[in-house]
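**Q** Starting from these lines, generate the structure:
(4 chains)
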Number of protein chains: 2
Amino acid sequence: MSAEGDPGRVRPGGRTARVRAAVLTAAGDLLAEQGFDRLDLADIARRAGVGKTTVYRRWGSVPNLVADLLAEMAEQSVPRTETGALEGDLQANARLVQRTLSDPRQGRLFTAIIAAATCDTRTAEALRRFYEVRIDEWAPCVQQAVDRGELLAGTDCREVIRAVSAPLYYRLLTVGQAPVEADADRAAQAAVAAARAGVFTTQVDEYGRADSG
Amino acid sequence: MSAEGDPGRVRPGGRTARVRAAVLTAAGDLLAEQGFDRLDLADIARRAGVGKTTVYRRWGSVPNLVADLLAEMAEQSVPRTETGALEGDLQANARLVQRTLSDPRQGRLFTAIIAAATCDTRTAEALRRFYEVRIDEWAPCVQQAVDRGELLAGTDCREVIRAVSAPLYYRLLTVGQAPVEADADRAAQAAVAAARAGVFTTQVDEYGRADSG
DNA sequence: GCTCAAATGGGCCTCCAGTTCCGTTAAGGG
DNA sequence: CCCTTAACGGAACTGGAGGCCCATTTGAGC
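**A** Predicted coordinates:
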């Protein structure tokens, strides 16, 4: 394992940080433009104005580089709007995801990243963490709906958020078409309907363990 | 374009058919075992007991080969069970998808195929057709529910079926975890709840054009 | 069962992604 | 401001994926 994501770097300041930023930006651009399989680390180096050797030494492979890119992306938080009603919050979430996936650059980028994650365990782990962060950011709006009494106690808030994204990603990855706004609204409505019906409700026993019910 | 999927073959019988079958089988196995990116056409040829040149000549690239594999898979229909109730039918569908995705070979194979489809237009098109066939097979059970009066007229039957699969694929592709039976049941219930709430209902105007409502 | 071209397969070649080597640059501590 | 060495970058090297040539096999029509 000669290539590290970035953990034990001894000298992370100045030039090193500039190189990392330039390479990650170039990697994102090329990933979006050309897709996962046509990606060449030498191309990235050229685009970033950096020596080919540097890219190979620090990241070593495309999946490693993508994993690092994901770690970077996970740190950039998107502020979430709050409308005060479950429908509105989930619709806002759905439309945010939809706009991201249908944006030419971002949509292709996510597609390529997911493809990369299917090929490499470390990248898959980085992707899992990325979505965990995003879901944690939005789960509170479902929790608020529970607190307001809009949903049953014991509702799995994170699962509701996942239910909003699922149809949008499904459409992108299997049909190959980016979702449109109507898809987003339908996804949000479907999640609300299912949550209201108690589909995402788990019962908790006296030991605090959850069981689906 | 030297490589054709299989259209204009002049001599498709005997050896040619055997070679095609052997190569597609080997491709499926290696795709499931090693993933999309580590796939080498020479490996496939060796495994299939076929000349490397033949594979390169007839398919030319990994995406082309995957596209052909998908066309083959689309033709193999899985019989669908009918329980007479919407919940039961959708649960059967969800569990079928779930069992497929959590089967070691099939799950990895689908993952790899989807990755391949993100990298190549023709493969994406083949994948789209594959799911179209599968969805067409299951949509009638939703239509029957509409006919029985369980769901509103104007319900988009195919969209209901997609809603069942979406969470299962979403989980596999973004979290990297195969769905379990409880996920399948939840997906089916969520789709039913959303369908009952009229989320997948479209209104048709006097010109026959559909509008989401 | 004979003929002819489609289809296959072994061996050779080419080219470039990935690696190695080593001299150069510039963080970071004192 | 200077020294040490982590980090970078140019250039040359190499293994193997992908492509080509041509002899051989075999499907299909008669």
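
**Q** nearest spatial neighbour of A:R108, skipping sequence neighbours?
**A** Spatial nearest neighbour of A:R108, chain neighbours left out: A:A32 (4.3 Å); criterion: C-beta to C-beta, 6 or more residues apart in numbering or on different chains. Just so you know, the C-beta spots here come from the backbone N, C-alpha and C atoms, and that holds for glycine as well.

**Q** tell me the contacts of that neighbour?
**A** Neighbouring residues of A:A32 by C-beta atoms under 8 Å, 6 or more residues apart in numbering or on different chains: A:104-106, A:108-109, A:112.

**Q** which SS class is A:S165?
**A** Under DSSP: H, G, I helix; E, B strand; the rest coil, A:S165 falls in the helix class.

**Q** Ok, A:R38 next?
**A** Secondary structure, three-state DSSP: A:R38 is coil.

**Q** Ramachandran coordinates for the closest residue to DNA strand D within chain A?
**A** Using C-beta to the nearest atom of the strand, the closest approach of chain A to DNA strand D is made by A:G51 at 2.5 Å. Per-residue torsions, A:G51: phi -70, psi 140 (degrees, to the nearest 10).

**Q** and the gap between it and A:T121?
**A** A:G51 sits 28 Å away from A:T121, going by C-beta to C-beta, to the nearest Å.

**Q** one step back: can you tell me the closest non-neighbouring residue to the residue of chain A closest to DNA strand D?
**A** A:A45 (6.3 Å).

**Q** Name the helix or strand of chain A that has the lowest mean pLDDT.
**A** strand A:210-212 (a mean of 52; mean pLDDT, DSSP states H and E).

**Q** Next up, the contacts around the most centrally placed residue in chain A.
**A** In chain A, the C-alpha nearest the mean C-alpha coordinate belongs to A:Y131, at 4.2 Å (C-alpha atoms, centre = their mean). Shown in contact with A:Y131 (C-beta under 8 Å, 6+ apart): B:174-175.

**Q** That one and B:I135, how far apart?
**A** Distance, A:Y131 to B:I135, using C-beta to C-beta: 26 Å.

**Q** What's the mean pLDDT across the lengthiest helix in chain A?
**A** For chain A, the longest helix by residue count, based on DSSP state H, is helix A:121-148. Per-region confidence: helix A:121-148 scores 95 on mean pLDDT.

**Q** for stretch A:177-188, same thing?
**A** According to the model, stretch A:177-188 has a mean pLDDT of 98.

**Q** okay, it in PDB with CA atoms only?
**A** Once non-C-alpha atoms are left out, stretch A:177-188 reads as follows in PDB (Å, rounded to 0.1, in the frame of the first residue of the first chain):
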ATOM      1  CA  GLN A 177     -32.100   9.300 -17.400                       C
ATOM      2  CA  ALA A 178     -31.700  12.200 -15.000                       C
ATOM      3  CA  PRO A 179     -34.900  12.800 -13.000                       C
ATOM      4  CA  VAL A 180     -37.000  15.900 -13.700                       C
ATOM      5  CA  GLU A 181     -38.800  18.100 -11.200                       C
ATOM      6  CA  ALA A 182     -42.000  16.100 -11.400                       C
ATOM      7  CA  ASP A 183     -40.100  13.000 -10.500                       C
ATOM      8  CA  ALA A 184     -38.700  14.800  -7.400                       C
ATOM      9  CA  ASP A 185     -42.100  15.900  -6.300                       C
ATOM     10  CA  ARG A 186     -43.500  12.400  -6.800                       C
ATOM     11  CA  ALA A 187     -40.600  10.900  -4.800                       C
ATOM     12  CA  ALA A 188     -41.300  13.300  -1.900                       C
END
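
**Q** That one and chain B, any residue contact?
**A** Yes: using C-beta under 8 Å from any C-beta of the partner chain, we find that stretch A:177-188 touches chain B at A:182, A:185-186.
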